[in-house]
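> Structure of the sequence below:
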Amino acid sequence: MLPTTASAHITPDELARAQQVADAIAGSFEAKVVGQARLRETLLISLLTGGHVLLESVPGLAKTTAAQTLADSISARFHRIQCTPDLLPSDIVGTQIYDAAKASFVTQLGPVHANIVLLDEINRSSAKTQSAMLEAMQERQTTIGGEVHPLPSPFMVMATQNPIEQEGTYQLPEAQMDRFMLKDVLDYPSPLEEAEVIRRLDAGVYRPESTPPPVASLDDVRELQATARKVYLDESLVHYIVGLVYVTRHASAYIDPKLARLIEFGASPRASIAFTQAARALALLQGRGHVIPEDIKALAERVLRHRIILGFEAVAENIKVESVIAAVLDSVQTP
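So this is what the prediction gives:
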């Protein structure tokens, strides 16, 4: 059974402290990344929950800049991995190399051993390489030569995929998709935002030497995560979350049959867990010590869009998964 309340109540001082740290990180993010308020919120939710994010967008929408900026703002180690068809699992998790001077093998840790890891164009890597990330994402560890190596804390994976080019790509397996807490879809900036990007570029904001000092530490992040776990989640909201996920599995009884027949598979229990964790983090980011129904609704697309599997008819009829999610939200009474 899912927890209905946090194990301890948040004190006013804890709430104020969390708000101060979260606002500082958000401000540092905004100083470099123009617009993209939804992306900022998604990344902060992931940071507070220890979850992972899958981002879908065309190139050039500041995904790498966003991940690097977030890492810089909290003194975190950041690694970017460019996924290609010839990328090997050892290129991600690490390997053992022979040290002739010592006449023995030594372990060389891979780039996944960082606080924030960007997997760029994850669908360009082979299924074997994609599966190498499963242990890291779920167990927070890697195994090299039979030896287990824990990953640092906090640890967060931000993966991207390009929806335009499908040649030379490998579809992500459902098991791996489900391990991403949230999936967000980024859109182009507005003309005003794009003009601001050019102004900041001319002003030298994006030069390496212009990187501002960190505004928080990894200890601050761990403190935020602990506070987020204390956010109150009422019993009625737990039933609301479970009800939404249940409808995705039994859609024909609750939503328009024309939409219901497009669903091949509904969301797994990981969706309910993601809802509870992300809703608590979102409430904390908005300065509240309790979750409200609007938090859950605001997260519905990000939690469900990669967990509801639509059939080929949806593609043929150009029906997006967001339309199905909207119908699911309408079918369940708000507490």
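> so where's the chain uncertain?
Along the chain, the parts satisfying pLDDT under 70 run over 1-8, 164-170.
> report the longest helix in it, please.
The helix that spans the most residues within the chain, counting by DSSP state H, is helix 12-32.
> What residues of that helix count as buried?
Buried residues in helix 12-32, counting neighbours by 16 or more other C-beta atoms under 10 Å, are found at 14-15, 17-19, 21-22, 24-26, 28-29, 32. For the C-beta atoms, the positions are set from N, CA and C on the backbone; glycine is no exception.
> now the strands for the protein?
Along the chain, counting by DSSP state E, strands occupy 53-56, 78-82, 94-99, 104-109, 116-120, 141-144, 147-150, 156-161, 182-185, 263-265, 309-310.
> about what we covered before: which residues sit against the longest helix of the chain?
The set of residues external to helix 12-32 that reach it, using C-beta atoms under 8 Å, 6 or more residues apart in numbering, is 10, 40, 43-44, 47-48, 65-66, 69-70, 72-74, 200, 205-206, 212, 214-216, 220, 223-224, 227-228, 230, 284-285, 287, 289.
> Filter those down to the buried ones, ChimeraX style.
Here is the ChimeraX selection string for the buried members of those, based on 16+ other C-beta under 10 Å:
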select :10,40,43,44,47,48,65,66,69,70,72,73,74,200,214,215,216,220,223,224,227,228,230,284,285,289
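> looking at it, residue 94 is touching residue 147, isn't it?
No. Using C-beta atoms under 8 Å, residue 94 makes no contact with residue 147, being 10.3 Å away.
> Neighbour count: the two, which is higher?
Ranked by neighbour count (other C-beta atoms under 10 Å), residue 94 and residue 147 place residue 94 first, with 20 against 9.
> Return the residues in contact with the more buried one.
So residue 94 contacts 107, 108, 109, 110, 112, 113, 142, 144, 149 (C-beta under 8 Å, 6+ apart).
> at 7 Å instead, please
Counting by C-beta atoms under 7 Å, 6 or more residues apart in numbering, residue 94 touches 107, 108, 109, 110, 113, 142, 144.
> ok, it to residue 185 distance?
Distance, residue 94 to residue 185, by C-beta to C-beta, to the nearest Å: 32 Å.
> Would you map out the domains in the chain?
Here the domain parsing of the chain from automatic domain parsing is 12-217, 231-335.
> Tell me where the chain has helices.
Under DSSP H, the chain gives helices at 12-32, 37-49, 63-73, 89-93, 127-139, 174-177, 191-202, 218-228, 235-249, 257-260, 269-285, 293-304, 312-316, 321-331.
> Can you lay out those as a markdown table showing distance to residue 101?
As requested, these are exported to a markdown table (distance: least, C-beta to C-beta, whole Å):
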| stretch | distance to residue 101 |
| --- | --- |
| helix 12-32 | 43 |
| helix 37-49 | 41 |
| helix 63-73 | 34 |
| helix 89-93 | 22 |
| helix 127-139 | 29 |
| helix 174-177 | 39 |
| helix 191-202 | 47 |
| helix 218-228 | 34 |
| helix 235-249 | 56 |
| helix 257-260 | 65 |
| helix 269-285 | 47 |
| helix 293-304 | 50 |
| helix 312-316 | 57 |
| helix 321-331 | 56 |
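> right, and those helices - which one's nearest residue 83?
Proximity to residue 83, assessed across the helices of the chain by C-beta to C-beta, is greatest for helix 127-139 (7.4 Å).
> what's the nearest residue to residue 128 once chain neighbours are set aside in contact with, if anything?
Once flanking residues are discounted, residue 128 sits nearest to residue 89: 6.3 Å by C-beta to C-beta, 6 or more residues apart in numbering. By C-beta under 7 Å, 6+ apart, residue 89 lies in contact with 128, 129, 132.
> Top of the residues you listed by number of neighbours, please.
Highest neighbour count within these: residue 129, with 24 neighbours (other C-beta under 10 Å).
> Surely residue 162 touches residue 55?
No. The criterion here is C-beta atoms under 7 Å, and residue 162 misses it with residue 55 at 10.2 Å.
> Tell me which of the two has more neighbours.
Neighbour tally, residue 162 and residue 55, criterion other C-beta under 10 Å: the higher count belongs to residue 55, 24 against 16.
> For residue 236, find the nearest of the strands of the chain.
So among those, strand 182-185 is nearest, using C-beta to C-beta, at 23.4 Å.
> Who does that closest one pair with, and is each partner parallel or antiparallel?
strand 53-56 (parallel) (DSSP bridges).
> Point to the residue nearest the middle of this structure.
residue 53 (1.8 Å; C-alpha atoms, centre = their mean).
> partner residues bridging that one?
Judged by DSSP bridges, the bridge partners of residue 53 are residue 158, residue 182.
> give the contact list for it.
Neighbour list for residue 53: 42, 43, 46, 158, 180, 181, 182, 184 [criterion: C-beta under 7 Å, 6+ apart].
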